[in-house]
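Let's see this in three dimensions:
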Amino acid sequence: MKDNILLGQYIPSDSVLHRLDPRTKLLSMLTFTICSLLLNNYGGYAIASVFVGSQLLLSRVPLRNLLRGLKPVVLILSFTFVYHLFFTPGTPLWPGSAVKVTEAGIEKGLFVVWRILLLVSLASLLTLTTKPLDLAKGLEQLCKPLSRRGVPVEATALMLVIAVRFIPTIIQELDRIMLAQRARGYDIIAIKGHKRVFAYLSLVVPLLITTVQRAEQLAMTIDARAYGTGRGRTSYRELRLSRMDYTAGGVTLAYVLLLLYL
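Numbers count the residues shown, from 1 in each chain. All right, here's what the predicted structure looks like:
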């Protein structure tokens, strides 16, 4: 199950995306997210797909890994499409049928599912090509002006990155608990139908306990290293924008202008 969760995992490589500054990737991700919310035609979605596909090629992440990581969102995508399919007003395709399926519902459902796939893919590429500490440092640098308003930028950035990084750890712990139950003759995978949903409830308590224990250990580790709030701390490796980062920013800006033109 851990291999199906890409968010929070990092794959070492020497690709172009791996060498980019984390601030460049965070700003590009934010820009793409905002632009994706404005898409309303097939031309815009096609350009967005080309943009995400090019990032996938530059990252050198195997396509099968990315597709396997999209499996957990299949249920959400299916529910989203069905919801828009039946509850979007418009002219029914079959007027005499009890099922009210409209052409507008099909189009809107496809657009929303397409948008979610693009955003999840790009968010996965962000964590797959950026180390957690670099991601925290980049987020801290971008939000630095907020520290003048009393916002604990350093602690907030570290908290967000740790939360994302804990996702594969929690999934790994869930696999360990299920393996322990299977060794005792209780296999949840073998349970069919709706009973499996109730069977998963037996995993909540041990998973919650182990997660809290890991969080306490991490908190004690941070305190033992005298991290504090993180304000005023220096960094061994300072972030510096390179020519490649400016080129990537120019490409993102051109993408935004093209979407605005469409």
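
Surely residue 14 is within a helix?
No: assessed with DSSP: H, G, I helix; E, B strand; the rest coil, residue 14 is coil; it does not lie in a helix.

and it, how far is that from residue 59?
Going from residue 14 to residue 59 by C-beta to C-beta, to the nearest Å gives 11 Å. C-beta coordinates here come from the backbone N, C-alpha and C atoms, glycine included.

in this protein, which residue is closest to the centre?
The centre of the chain sits closest to residue 123, judged by C-alpha atoms, centre = their mean, with a distance of 4.0 Å.

quick one: contacts for residue 15?
Residues near residue 15 by C-beta atoms under 8 Å, 6 or more residues apart in numbering: 58, 59, 60, 129.

In terms of secondary structure, what does the helix or strand hosting residue 154 contact?
For residue 154, the element it lies in under DSSP states H and E is helix 153-183. Under the contact definition 3 or more C-beta pairs under 8 Å, 6 or more residues apart in numbering; DSSP states H and E, helix 153-183 sits against helix 132-142, helix 204-224.

Deepest in the core, which of those helices is it.
helix 132-142 (a mean of 20; mean count of other C-beta atoms under 10 Å).

Could you pull out the buried residues of the helix holding residue 154?
153-158, 161-162, 164-171, 173-174, 177-178, 181 (16 or more other C-beta atoms under 10 Å).

can you give me how far the following helix or strand past that helix is from the chain middle?
Next along the chain after helix 153-183, taking DSSP H and E as the criterion, comes helix 195-199. In terms of C-alpha atoms, centre = their mean, to the nearest Å, the centre of helix 195-199 is found 27 Å from the chain centre.

Ok, stretch 45-62 next?
Worked out by C-alpha atoms, centre = their mean, stretch 45-62 lies 15 Å from the chain centre.

If you count neighbours, what's buried in that stretch?
45, 47, 48, 51, 52, 55, 56, 58, 59, 61.

Residue 258 - nearest residue in space that isn't next to it in sequence?
Excluding its sequence neighbours, the residue lying closest to residue 258 (C-beta to C-beta, 6 or more residues apart in numbering) is residue 47, at 6.2 Å.

Report the mean per-residue pLDDT for the helix or strand hosting residue 81.
Per DSSP H and E, residue 81 falls inside helix 74-87. Mean pLDDT, helix 74-87: 81.

can you check stretch 139-151 too?
On average, stretch 139-151 scores 78.

Give me the residues contacting that stretch.
Identification of contacts with stretch 139-151 by C-beta under 8 Å, 6+ apart yields 22-23, 26-27, 153-154, 156-158, 160-161, 230-231, 239.

which two in those are spaced the farthest apart?
27 and 231 (23.2 Å; C-beta to C-beta).

quick one, which of these two is more surrounded?
residue 27 (17 against 10; other C-beta atoms under 10 Å).

how much space is there between the more buried one and residue 34?
Taken as C-beta to C-beta, the span from residue 27 to residue 34 is 11 Å.

ditto for residue 44
In terms of C-beta to C-beta, residue 44 sits 13 Å off from residue 34.

Which one's more surrounded, the two?
residue 44 (19 against 11).

so the residue nearest to the centre of the chain is in which element?
Secondary structure from DSSP H and E places residue 123 in helix 103-128.

tell me which strands and helices that helix is in contact with?
helix 22-37, helix 42-59, helix 63-69, helix 74-87.

Let me know the angle separating the last one from helix 103-128.
Looking back up the chat, that one is helix 74-87. 160 degrees (axes from the mean of the first three to the mean of the last three C-alpha atoms, to 10 degrees).

elements contacting helix 74-87?
helix 103-128.

repeat for the third one
Under the contact criterion of 3+ C-beta pairs under 8 Å, 6+ apart, helix 63-69 touches helix 103-128.

one more time with 10 Å, if that's ok
Contact analysis of helix 63-69 by 3 or more C-beta pairs under 10 Å, 6 or more residues apart in numbering; DSSP states H and E lists helix 42-59, helix 103-128 as its packing neighbours.
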